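Colleague: curious how this folds, go ahead:
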Amino acid sequence: LNVSGIITRTFVVSDAGTKTDKDTAHIQLIFRNPNLYDVRLPHYTVNLECDEVAGGITSTAPSSTGYPFVATLTGFVDLTPSNAVCNLAASYEDVARVETCANTYKFRREWTVYDWCRPGTTIIYNQLIKVGDWTAPVLKTAGTLTQTQNPAACDGKVTLKAPVYTDNCSATVTYVAHLY
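Modeller: Here you go, the predicted model:
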């Protein structure tokens, strides 16, 4: 559907005397249904922290990773499986979840964007979503090292109190201390 019209504006300027000037502007407006060239796609790669997904704060749903969208006169509108914009609609399928290590996995989301007014024209777009531990552990309490010496017995004692770390994705933090 294409709708067009012309707005005509006439501007008249005059000074305090008798001099006036007039100019006319013609503005042509064309409104049309959006097409596939108007679609903006979500980011190709999305990285989510594992605690965001596990903690329920965020999910891997498109509301967190992005939908295809179009710009309209009223703003940006997401193309969701339940929200078509004029003749445009979108659907997706999540495929190929791959566990890469503890608390880390990746999968591919395949988007299909349809233009119902132009059969046979679609966009097929792959989005890669990675969920993992992207943040290093945080030191909460530093460890201590104490030593005592007994020169008469030719011995000594070393005590190492472990530091305390927290991690956003794992309850267990492993560390190694080397004493030379």
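Colleague: you'd agree I27 is in a strand?
Modeller: Yes: counting by DSSP: H, G, I helix; E, B strand; the rest coil, I27 is part of a strand.
Colleague: need the contact list for it.
Modeller: Contact analysis of I27 by C-beta atoms under 8 Å, 6 or more residues apart in numbering lists I6, I7, T8, R9. Bear in mind the C-beta positions are built from the backbone N, C-alpha and C, glycine included.
Colleague: give me the subset of those lying in strands.
Modeller: Under the assignment DSSP state E, the contacts of I27 contribute I6, I7, T8, R9 to strands.
Colleague: turn those residues into TSV, columns for distance to G156 and neighbour count.
Modeller: What follows is the ones in strands among the contacts of I27, written out as TSV (distance: C-beta to C-beta, whole Å; neighbours: other C-beta atoms under 10 Å):
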residue	distance to G156	neighbour count
I6	96	8
I7	93	9
T8	98	8
R9	94	9
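Colleague: only alpha carbons, please: show stretch 7-18 as PDB.
Modeller: Taking Å, rounded to 0.1, in the frame of the first residue of the first chain, the C-alpha atoms of stretch 7-18 are listed here in PDB:
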ATOM      1  CA  ILE A   7       1.400  19.700   1.200                       C
ATOM      2  CA  THR A   8       1.600  23.200  -0.200                       C
ATOM      3  CA  ARG A   9       2.700  26.000   2.100                       C
ATOM      4  CA  THR A  10       2.800  29.600   1.200                       C
ATOM      5  CA  PHE A  11       5.100  32.000   3.100                       C
ATOM      6  CA  VAL A  12       4.500  35.700   3.000                       C
ATOM      7  CA  VAL A  13       7.000  38.200   4.400                       C
ATOM      8  CA  SER A  14       6.400  42.000   4.700                       C
ATOM      9  CA  ASP A  15       8.200  44.900   6.200                       C
ATOM     10  CA  ALA A  16       6.700  47.800   8.000                       C
ATOM     11  CA  GLY A  17       6.100  49.500   4.700                       C
ATOM     12  CA  THR A  18       4.500  48.300   1.500                       C
END
